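Chemist: with the sequence up front, the predicted model follows.
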Amino acid sequence: MADSSRRLPLQFALLFSVFIIASCGLVYELVAGALSSYLLGDSVTQFSTVIGVYLFAMGVGSYLSRFIERGVVARFIQVELLVGVIGGSSSMVLFAVFAYLASPFKWVLYGEVLLIGILVGLEIPLVMRILKQHYSFKDLVSQVLSVDYLGALVVSLAFPILLVPHLGLIRTSLLFGLFNVLVAVWSIWLFRHELGARWVLQVQAGVAALLLASGLVFAERFTTLAEENLYADQIIYNETTAYQHIVLTRWKNDLRLFLNNNLQFSSRDEYRYHEALIHPGLQAVRGAHRVLVLGGGDGLAVREILKYPQISHVTLVDLDPRMTRLFSHNTQLTALNGHALTSPRVTVINDDALQWLERNQDSFDFIVVDFPDPTSFALGKLYSQTFYRLLDKHLSQHGLAVIQSTSPLYARQSFWSIVHTIQSVGLTTTPYHALVPSFGEWGFVIASHLPYAPPTRFDVAGLRFANASLMPVLFQFPPDMSEVPAEVNRLNNQALVRYYEAEWKNQAP
């Protein structure tokens, strides 16, 4: 009876350990995929390759477990400590390599994924061998796999909703590394009567816990130092949200916004971009009252739109509430966007633009599409034929839409792919470009149901770049930016993302 009373708590403890092990293993996989997506772009490729290598490595680990014949409990505890230290510190190591070395990043990334996967692959077979003393084979497999999958479910939900937004990638991996160490300490206590030289394992566990706890304490300082090496200017704000990594830098009077390490604007010349984005189209729409802005959570495009007193309402749809909140309340940023996002004429909606267009029935006189460049398939869908079909349904008969369309000089095929994709849904396209010093020659496309005529006069005050005399120049394309063959970007081929990645890769120094 006494043996039975001891077995039940032991079984529960070991099964709960399986839950923790599964949770930790998935976290390390998700951190590697998310971090590589943030730093390298193309989230589908990064997650696909990380998951593939990780699963292969787990298979290798499971195979290698057969060679552990003696001291199974002690080996399990040591594996847990190794997983905790290597997996827990993985995001710090990867971030440091990217910030200070850059070129070997992919080698380190897949080396870590392979090593962590092998160690995680060792865990479950060793646990099952420990548990076989307490369960029949049938019950053992069902219990272990059920708890393993439950742990994976919990983490897959918590990772984007709770962990990354509140802890960030570095603290998340360190915290779960400590959980692995906790399982090791727990196991030392559970099997204290069966372990020889227990003090060696206790010392190893203490060192592992100290390393990870120190990482948690100094995580913010480490992140600051690493990012200071990545960005030339002083970092005044950085945050990892559920959707992206936001960094603001400042040098003298120049504020710069980076999303996932890609420059979005410099306050020194953003007026050129946003005046070119808004005024050639909006000046040509007579009697415009209702405007839709998709993306543009910084409020700078809205600032330009609000210069027109006849505009009665602007709807801004941006995915990230942290982004719109930042540009609604930060005094330096509201000074830049003229408090545009808190204007009574503006409604801010935090939603996926494509899904919002599917649900909404309203039509608009002017639509601005101001998304980040198509660096990943998640962004590429917002430049797809499907997206532009929805856009067409929301554009009034006499209205115009304008789409930021990357550089026709540095990403020529990408630019014309966007033009051809818009044309494929039956809209008339009028491409144009403007010089923005921070980016070089930048491209835009006006889409409409009726032929577009550039405005011959500008009746809005306070512009620093756009004017009527500039219009003919914007719509002329020299030979090195002229039209080239390019595929239509569809959801099932994502041709644009492939073009974009190849063309901008060739621009790298």
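Modeler: The structure has been received and is ready for your questions. Not measured: the values here are computed from a predicted model. Residues are numbered from 1 along each chain as shown.
Chemist: contacts, neighbours, all on C-alpha from now
Modeler: Fine.
Chemist: residue contacts, the residue nearest to Gly338 when sequence neighbours are not counted?
Modeler: Distances taken as Cα to Cα, 6 or more residues apart in numbering place Arg303 nearest to Gly338, at 6.2 Å, with adjacent residues excluded. By Cα atoms under 8 Å, 6 or more residues apart in numbering, Arg303 lies in contact with Asn337, Gly338, His339, Ala340.
Chemist: and for Gly168?
Modeler: Gly168 touches Glu239, Thr240, Thr241, counting by Cα under 8 Å, 6+ apart.
Chemist: just the ones in helices from those, please.
Modeler: Among those, DSSP state H puts none in helices.
Chemist: how is this structure partitioned into domains?
Modeler: Recorded structural domains for the chain (assignment: automatic domain parsing) are 2-222, 269-507.
Chemist: highest neighbour count among the contacts of Gly168?
Modeler: Compared across the contacts of Gly168, Thr241 has the highest neighbour count, 22 neighbours, by other Cα atoms under 10 Å.
Chemist: tell me the confidence at it?
Modeler: On the pLDDT scale, Thr241 is placed at 83.
Chemist: for the residue positioned nearest the centre of the chain, what are its contacts?
Modeler: The centre of the chain sits closest to Gln244, judged by Cα atoms, centre = their mean, with a distance of 4.0 Å. Shown in contact with Gln244 (Cα under 8 Å, 6+ apart): Tyr38, Leu259, Asn260.
Chemist: tell me what the longest helix seen in the chain is packed against?
Modeler: If you go by DSSP H, the chain has its longest helix at helix 2-40. Counting by 3 or more Cα pairs under 8 Å, 6 or more residues apart in numbering; DSSP states H and E, the packing neighbours recorded for helix 2-40 are helix 43-64, helix 90-100, helix 105-131, helix 137-158, helix 164-190.
Chemist: just those: most buried one?
Modeler: helix 164-190 (a mean of 23; mean count of other Cα atoms under 10 Å).
Chemist: any idea of the mean pLDDT for that helix?
Modeler: So the average pLDDT for helix 164-190 ends up being 88.
Chemist: for Leu470, helix, strand, or coil?
Modeler: Put simply, Leu470 is helix when judged by DSSP: H, G, I helix; E, B strand; the rest coil.
Chemist: distance of it from Val154?
Modeler: Plainly put, Leu470 is 56 Å away from Val154 if you go by Cα to Cα, to the nearest Å.
Chemist: next: Val18.
Modeler: For Val18, the distance to Val154 - Cα to Cα - is 13 Å.
Chemist: OK, contacts around the nearest residue to Leu81 once chain neighbours are set aside?
Modeler: Nearest residue to Leu81, sequence neighbours excluded (Cα to Cα, 6+ apart): Val181, at 5.4 Å. Contacts for Val181 were tallied using Cα under 8 Å, 6+ apart; they are Glu80, Leu81, Gly84, Ala205, Ala208, Ala209.
Chemist: measure how the helix or strand where the fifth one lies sits relative to helix 90-100, angle-wise.
Modeler: Okay, so that is Ala208. For Ala208, the host element (DSSP states H and E) is helix 198-230. Between helix 198-230 and helix 90-100, the angle comes out at 30 degrees (axes from the mean of the first three to the mean of the last three Cα atoms, to 10 degrees).
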